[in-house]
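Peer 1: next comes the sequence, and after it the predicted model I'd like to discuss.
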Amino acid sequence: MSSALVPYIANAFLSTRLLNIKRALSEHKRKRRHQHHVVTVYLSINDAYSYLLIQVLADLQSRYSIEFDFRCVLNKQTQMYPAPTLWDKNAFHDGLYLSELYGLQFPIKIPTHSRVLNSQVTAQLLHWELEPGFLNKALPLFKQYWQGNEQDLKKMLNPAIASHTECYEHHLLTNEALLKNNGHYLSAMLHYGGEWYWGVDRLQYLEARFNDLGVSNQPAEIKYDLGQINFCRQLPSKRIQDAVEQGLNEAPIEMYWSIRSPYSYIALLRAKELAEHYKVPLVVKPVLPMVMRRMQVPDTKKFYISQDAKREAKQCGIEFGLIADPLGVGVERCYALYEFAKSQGKGNEYLESYARGVWAEGIRSDTDMGLKKIVERCGLNWQEAKVLCKENSWRSWAQNNLAKMYGEDMWGVPSFKYLNDKVFGQDRINCLERAIVRRFSQQTDSIRNTQ
């Protein structure tokens, strides 16, 4: 296949037109089989996102004429989690944020339970899967588990089930195989009509789909989009200007970033908007993509990420889909010219031009023609840049950035640090805004009170 065709094939694969066709076929198939609107829900007892998700399912079911097919899982697909300990640690802190955002229950410290207890609780959940009223039984169990009430938790377990967990092993393996074979790897996932929706964060897209299908029991609304509303609209301009005059905007947003991450592309544009709005510096620290660090990124993960990034980009009003994967030479050339771009005061503009080119415009950055366009449109001189394309010193600072990222207890991109706040993921830009607003508001209030 010609490399020139790949971006257009990717764009067609991610197009709204194809998505609508798939949805229409799925709905036709459901009606032909006289099936209800069934959402398959994958939950794991030791997953913070599953605890949050299970708390909102009753609300979702009360608003829409849907049914749930619960599938409990426990074991992570190891090749999908490059740093499982850091993942769990981030998930807990992220859970604190989401619980505050949506008024959900969540512990103030991470509960610790043995593998044996995890297996026993999972066996109990698996047993309930095949009985009516799973949600009403499972929710209190999740609550006791996450609140660390081990004695009360054990009272909820059937002794016959807890002492014979091996009898549920095949049931568990079947659920985990179904998750994998249907194209995913995370728990706290909802699967409906061939599409995946992760936890509370992606419920807004499922809500919108149900609203379009007309299965709402009440006036259609979107409830689970609070993380994206009021972006860059949380402080009046006068308050921002006061903070700037007092030097409160000097602390930078630090961003760990990869040219091969579609989420990094989206995050860069949103972080730029945030930084410009609040007049704070944005410092981007590129790292090598996982594959170029000799790590595994299975196709299942790549396919989901590209589809999820498409809808996230669309939600944010960002172009996405005409993809020319920069893996290999494209990445090397991007990083080789970064120091040159910074020396011209164009570092962030250059990265934005490059990322937009490879993720939204299908520009082949491994060719001189493509790279020339990327370089020149952000105000850099191509003749000066061209001789630096094989520069190799970037490998040292890229690895130093990676070590710094690990040192901040972050494992992947995009990750951010603003003063003492650290977040992972492009959909947590609003957490940075909250931190900036908190700093600007507290400090300006304090100064006013002393005057």
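Peer 2: Perfect, thanks for sending it. Numbering: from 1, shown residues only.
Peer 1: where exactly do the helices run in the stretch 301-450 of the chain?
Peer 2: With helices called from DSSP state H, counting those that start in this stretch, the stretch 301-450 of the chain shows them at 329-336, 338-343, 347-360, 368-376, 382-386, 394-407, 429-450.
Peer 1: nearest to Leu14, of those helices?
Peer 2: Leu14 lies closest, by Cβ to Cβ, to one member of the helices of the stretch 301-450 of the chain: helix 347-360, at 10.8 Å. No exception for glycine: its C-beta is placed from N, CA and C like everyone else's.
Peer 1: what lies in contact with the closest one?
Peer 2: Taking contacts as Cβ atoms under 8 Å, 6 or more residues apart in numbering, the residues outside helix 347-360 that touch it are 257, 259, 262, 264-265, 268-269, 272, 282, 284, 286, 318-326, 330, 334, 337-338, 341, 363, 365, 370, 373-375, 377-380.
Peer 1: show me just the buried residues among these.
Peer 2: 257, 259, 262, 264-265, 268-269, 272, 282, 284, 286, 318, 320-326, 330, 334, 337-338, 341, 363, 365, 370, 373-375, 378, 380 (16 or more other Cβ atoms under 10 Å).
Peer 1: all strands of the stretch 51-200 of the chain, in order?
Peer 2: Using DSSP state E, counting those that start in this stretch, the strands found in the stretch 51-200 of the chain span residues 67-72, 189-192, 195-198.
Peer 1: could I get those strands in CSV, plus columns for mean neighbour count?
Peer 2: Listed next are the strands of the stretch 51-200 of the chain as CSV, based on neighbours: other Cβ atoms under 10 Å:
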stretch, mean neighbour count
strand 67-72, 18
strand 189-192, 21
strand 195-198, 21
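Peer 1: next, format these as TSV and append distance to Glu250.
Peer 2: TSV is the format used below for those (distance: least, Cβ to Cβ, whole Å):
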stretch	distance to Glu250
strand 67-72	49
strand 189-192	41
strand 195-198	36
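Peer 1: identify whichever of the helices of the stretch 301-450 of the chain lies nearest to Leu43.
Peer 2: Taking Cβ to Cβ, helix 429-450 is the member of the helices of the stretch 301-450 of the chain nearest to Leu43, at 24.9 Å.
Peer 1: separation between Ala162 and Tyr168?
Peer 2: Distance of Ala162 to Tyr168, given as Cβ to Cβ, to the nearest Å: 10 Å.
Peer 1: ok, the two, which is more surrounded?
Peer 2: Ranked by neighbour count (other Cβ atoms under 10 Å), Ala162 and Tyr168 place Tyr168 first, with 20 against 16.
Peer 1: how about the more buried one, what does it touch?
Peer 2: Listed by Cβ under 8 Å, 6+ apart, the contact set of Tyr168 reads 122-123, 126-127, 161.
Peer 1: tell me the one among those nearest to Val200.
Peer 2: Taking Cβ to Cβ as the measure, Val200 sits nearest to Thr122 out of these, at 21.6 Å.
Peer 1: that closest one: how many residues sit nearby?
Peer 2: Around Thr122 there are 23 other residues, counting by other Cβ under 10 Å.
Peer 1: now, the contacts of helix 347-360 that are in strands?
Peer 2: 257, 282, 284, 286 (DSSP state E).
Peer 1: which ones are touching Trp411?
Peer 2: Trp411 is in contact with 82-83, 86-87, 405, 424, counting by Cβ under 8 Å, 6+ apart.
Peer 1: which one (most neighbours) among the residues you listed?
Peer 2: Counting neighbours by other Cβ under 10 Å, the top entry in the contacts of Trp411 is Phe424, with 23 neighbours.
Peer 1: wait, that one sits on Met410?
Peer 2: Yes - the criterion here is Cβ atoms under 8 Å, and Phe424 meets it with Met410 at 6.0 Å.
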